[in-house]
Each structure stands twice: as C-alpha cells, then as structure tokens.
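1. My questions are about this predicted structure, shown below with the sequence.
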Amino acid sequence: MAAARREPEAQMADQALIRRIMSGDEAALGLLYDRYAPVVYSVSNRILRDTGAAEEVLQDIFYQLWRTAGNFDAGRGSLAGWLLVTARNRSIDRLRRRPAIPDEDVAGGEIASPLNLESAMAREELMARARRAFVELPPPQREAMEMAYFEGLTHTEIAQRTGDPLGTVKTRLRTALQTVKRVLTGRVE
Amino acid sequence: MKEHPQFDEDFDLYVLGTLDLEERDALELHLTHCAECAPRLEQARGRMAALALAAPLETPPSAARDRLLQRVQSEERAERRKLRSLDAASPFWRRTNAVLAVATAALIIAIAVLSVQYHRWSKRLSELEKTEQRIEALRNQQAAEASRARAVLEVLTAPDTLKVTLVSGAARPVPQGKAFYNPAKGLVFYAANLPALPSNKAYELWLVPSAGSPIDAGVFSADPRGNGEVVLPALPAGVTAKAFAVTIEPAGGSSAPTGAKVLVGIVS
C-alpha cells in the first residue's frame, strides 16, 4: 500500500522535487536521494575506494543540494549531470588532497544531454553505455582513461606513471575519447 | 588560443582536467570570448558526466539516508535557533539591540539639532549675502559719483578750457548813461541802448541840484542803435549837482520833469 501511494511522487520530475525542497520539504530530498544516491555513491567509492569517505562525499553533496536548491535552473542543465560531475570532482579533490572547488554549487556549469536520468530505465541504459565505452577500449587506452577519469591525472602525470612518451599518452586519450563519444551517443561506425 | 579547438576531445580533456596547465589556460582564454564553443563545452560536460556511470554500481549504506535527513533536520533546527537568538533571545543581542536603539535615538537627535542649526546658519548666511550685496552696490555708486566729480573738476580747472557767457537772445539791452560834469566847465552826457520814441516824444536830461528844482540840461533823441548824447548844454554856472536823470517828455522838452524816468544817476 505504502509503495503504491509513493509511486507518483517517485516519478515526479527533478524540477518539481527541487521546488518542494525549496519550500523545506525534506521528503522531496529523500526522493531525490533515492533516485541518485546509488550512482553518486558508486562514483565516489570507485575513485576513493573507501566506503566511509564515499558516504561523506554523498552526504555533503545532498546536503548542499538541500541548502542551495534555489540556485538550480533546469534550463541550464540536468540535476543528474551536476550530481555526477560534483561527485567525481569532490572525490578526486579528496583523493589528491586538494581543496574543494568553491563554485561547484547546483548552479554550476551547464550539463547537456544525454543526462536525463530521471527514470530508472534511462539510468540503466546510460549506465550500460558508459560501461561498454570502457570495455571497448584497448587496454592501454582504458588504463589511460581510468587514470584520467577516476584518478584525475594529467597527461604528464599519466606519462610519468606509465613511463610512456607524453605524445603517446595524448594520442591514446584522444582515441579513447572518440570511442567514448561514439558509444555514448549510440553512433554506429 | 585564437582558433577554435578542432576536436571535441579537446573539450572532453578540459572537462576532465587532464590538460596540462598551459593547454588548460589557453583553452580557458578562448572560452572567455567565444560563444560558438559554449555548446561544445556543454556537450563535453554531458559526456564526461555520463561516463561516471561506468563505475560499478554500489548501494550506499542503508543508514546513510537517515543520517542525511537527520543532519538536515538537526542543522535546520540549529539554523532556526540561531535566527531566534539573533532576534532577541540572547543577552548579547539584547544588549546590542539596546545599544543600537540608544545610538539610533542619539543619531536622530543629532540630526534634528544639526538640521535646526543648519537652518539658522543658512538664514544667517543669506542675510550676510544680502548685506554684502547692498554694500557692494553702495560702493559702486560712490565710486561712480567720485569719478563724475573728478571729471567736472578737471573741466573747470584745466588751463585750456574756454569760458563763454551766454545770455538769452530775446533779452532787451539795458539803457545806460554816463554823465561827465564839472560845475565850472560844463556837462557831457552819453547814453546807449535807449528805446526808440514816437515822434512826439523826446528824451530830456535833468541836472538835480543839491538844493532846488531839477534844471533842464538838454533835449535829445536816440539814433537807430539807441545812442544819444548831450554835450555842454547851457547851464547856470557853479551849480552843485546831487544827481542826473533822463525822462521822456513831449517833443521840444518840458520846463520841469513830467514823464517816466528812464535813467537816474546819484552823484557819489
């Protein structure tokens, strides 16, 4: 019964839930948490490899959403995009002992499609594409992409760690990103 | 970087933070003034956000949700307490509010006093300005008058100034006569500016002795210019004269003055 009553709320658009949060509705925050906490936590834990630290990042991000929901503008980007980018950046900052970037609030940089993840189906489909993008990469490219994406290393740092020439690293990453774009957008070549 | 980045990967690498410092700065500089590249940057952000979903899916600890909501409730309560305390509850804020109230009242009074004083000063200043204007006008008037007086004095005292006496052109010349009398030698008389007389009238000169009646000293007429004369008339010898006179008498003269006196001269 309870699940039946909650279903319409669970299907509410992000923007509608944001408006409820702005009016102090804690239940709306809970609904957004249910929708996005797993992916946020997963990204953070993948980077930090520390469940406690990943939960702290998760808590901080959703608490920030509660405090600054009024800054969110659906016309400028998707909430899911902001959550994922912020989760990655906060986790990498923490991993590399860097101070958090101060302007990373809900009004941060525009996040374009295909980041409409309001439905579970959309989340699952995009999750599959993202994983396939890594799987399809040759090992050297995948390794370079993982160091760039989940560790936040620069070209030079990757080259130093792998011992490969800088130009080789750059080429690998560019080639890998072309594959990522093709897989994410569903283009067939 | 003056030209647009050629490949979408340039934007992907920028979003990931993988570019080295120089490459990142060059792209950021380009993005500050390039509207065309903004949509490409947005697409890159979308792609790189989506790539996060490649992380193995894990479920957060079941208690994490409750901890989040407890934190929200706890910090909201703290926020409300803080707001209430800021309103009035805290002794510090009560004291501060009292100080602020006193300071505000003092400020209002000070403004009122200064306003009145300012009004007075403004009025006084206005009066002083008017007085100064009047003094200035008077000073100008005096200076103008002094300048005119100096100009008049210079005309009157200059050695090359011409001095001309003017009379009315319509005024008649005054009749004048001059008698030269010596009791032993005789009498000479000249007259000028005498009006012309009708033909039945004539001028008659009289010698007025110190005692007795006037003595006929001669009848004469005036020429067209008003001049007349009596020269050495027949007179009793040794008569002392006290005056001379000319009267208008019938033509041919009279034995005693009968007409109007035209000239009179007393012997001094």
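-> Perfect, I can see it now.
2. which residues of the chain fall in strands?
-> Looking at chain A here, since you left the chain open. Read by DSSP state E, chain A holds no strands at all.
3. nope, chain B
-> B:176-182, B:186-192, B:201-209, B:215-220, B:228-231, B:241-250, B:261-266.
4. Could you identify which of the ones you listed is most buried?
-> By mean neighbour count, with neighbours taken as mean count of other Cβ atoms under 10 Å in any protein chain shown, strand B:201-209 ranks first of these at a mean of 22. No exception for glycine: its C-beta is placed from N, CA and C like everyone else's.
5. Please write out the alpha-carbon positions of that strand in PDB.
-> Output of strand B:201-209 as PDB, limited to C-alpha atoms (Å, rounded to 0.1, in the frame of the first residue of the first chain):
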ATOM      1  CA  LYS B 201       8.300 162.400 -27.600                       C
ATOM      2  CA  ALA B 202      11.900 163.100 -26.700                       C
ATOM      3  CA  TYR B 203      14.400 162.400 -24.000                       C
ATOM      4  CA  GLU B 204      15.300 165.200 -21.700                       C
ATOM      5  CA  LEU B 205      18.300 165.400 -19.400                       C
ATOM      6  CA  TRP B 206      17.900 167.000 -15.900                       C
ATOM      7  CA  LEU B 207      20.500 168.200 -13.500                       C
ATOM      8  CA  VAL B 208      19.200 167.800 -10.000                       C
ATOM      9  CA  PRO B 209      20.900 170.500  -7.800                       C
END
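6. Give the pairing partners of it; include direction for each.
-> Sheet pairing of strand B:201-209 (DSSP bridges) gives strand B:215-220 (antiparallel), strand B:241-250 (antiparallel).
7. Just put those strands in JSON lines and tack on mean pLDDT.
-> Listed next are those as JSON lines, based on pLDDT from 0 to 100:
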{"stretch": "strand B:215-220", "mean pLDDT": "94"}
{"stretch": "strand B:241-250", "mean pLDDT": "93"}
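8. Just tell me which of the ones you listed ends up closest to B:Leu156.
-> strand B:241-250 (41.6 Å; Cβ to Cβ).
9. What is the distance between the closest one and the centre of its chain?
-> Computed by Cα atoms, centre = their mean, to the nearest Å, the chain-centroid distance of strand B:241-250 equals 71 Å.
10. Output it as PDB - backbone C-alpha positions only.
-> Provided in PDB are the C-alpha atoms of strand B:241-250 (Å, rounded to 0.1, in the frame of the first residue of the first chain):
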ATOM      1  CA  ALA B 241      24.700 168.600  -8.700                       C
ATOM      2  CA  LYS B 242      23.400 165.800  -6.500                       C
ATOM      3  CA  ALA B 243      22.000 163.700  -9.300                       C
ATOM      4  CA  PHE B 244      21.300 163.500 -13.000                       C
ATOM      5  CA  ALA B 245      18.200 162.000 -14.600                       C
ATOM      6  CA  VAL B 246      16.600 161.400 -18.100                       C
ATOM      7  CA  THR B 247      12.900 161.500 -18.600                       C
ATOM      8  CA  ILE B 248      10.600 161.000 -21.600                       C
ATOM      9  CA  GLU B 249       8.900 164.300 -22.400                       C
ATOM     10  CA  PRO B 250       6.900 165.800 -25.200                       C
END
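11. ok, and what's touching that strand?
-> B:177, B:179, B:181, B:183, B:189, B:191, B:197, B:200-210, B:214, B:217, B:219, B:257-267 (Cβ atoms under 8 Å, 6 or more residues apart in numbering or on different chains).
12. got it, and stretch B:214-228?
-> Contacts of stretch B:214-228 (Cβ under 8 Å, 6+ apart): B:173, B:175, B:187, B:189-197, B:202-209, B:229-230, B:233, B:235-236, B:239, B:244-245, B:249, B:252-257.
13. Can you give me the end-to-end span of it?
-> 20 Å (Cα to Cα, to the nearest Å).
14. can I assume A:Thr162 is in contact with A:Ala144?
-> Yes. Using Cβ atoms under 8 Å, A:Thr162 is in contact with A:Ala144, at 7.4 Å.
15. Please list all residues in contact with the nearest residue to A:Gln59 once chain neighbours are set aside.
-> Distance criterion Cβ to Cβ, 6 or more residues apart in numbering or on different chains; nearest residue to A:Gln59, sequence neighbours excluded, is B:Leu68 at 5.4 Å. By Cβ under 8 Å, 6+ apart, the contact list for B:Leu68 reads A:29, A:33, A:58-59, A:62-63.
16. how about 7 Å then?
-> A:33, A:59, A:62-63 (Cβ atoms under 7 Å, 6 or more residues apart in numbering or on different chains).
17. ok, and the most crowded of the residues you listed?
-> A:Phe62 (24 neighbours; other Cβ atoms under 10 Å in any protein chain shown).
18. And that residue, how far from chain B?
-> Counting by Cβ to the nearest Cβ, to the nearest Å, the gap from A:Phe62 to chain B is 5 Å.
19. Next one: that residue, what pLDDT does it get?
-> A:Phe62 is assigned 94 on the pLDDT scale.
20. One more: the one 5 residues further on?
-> In the predicted model, A:Arg67 carries a pLDDT score of 88.
21. Show the average pLDDT along the top helix by length along chain B.
-> Secondary structure of chain B per DSSP state H: the longest helix is helix B:91-157. Taken as a whole, helix B:91-157 carries a mean pLDDT of 79.
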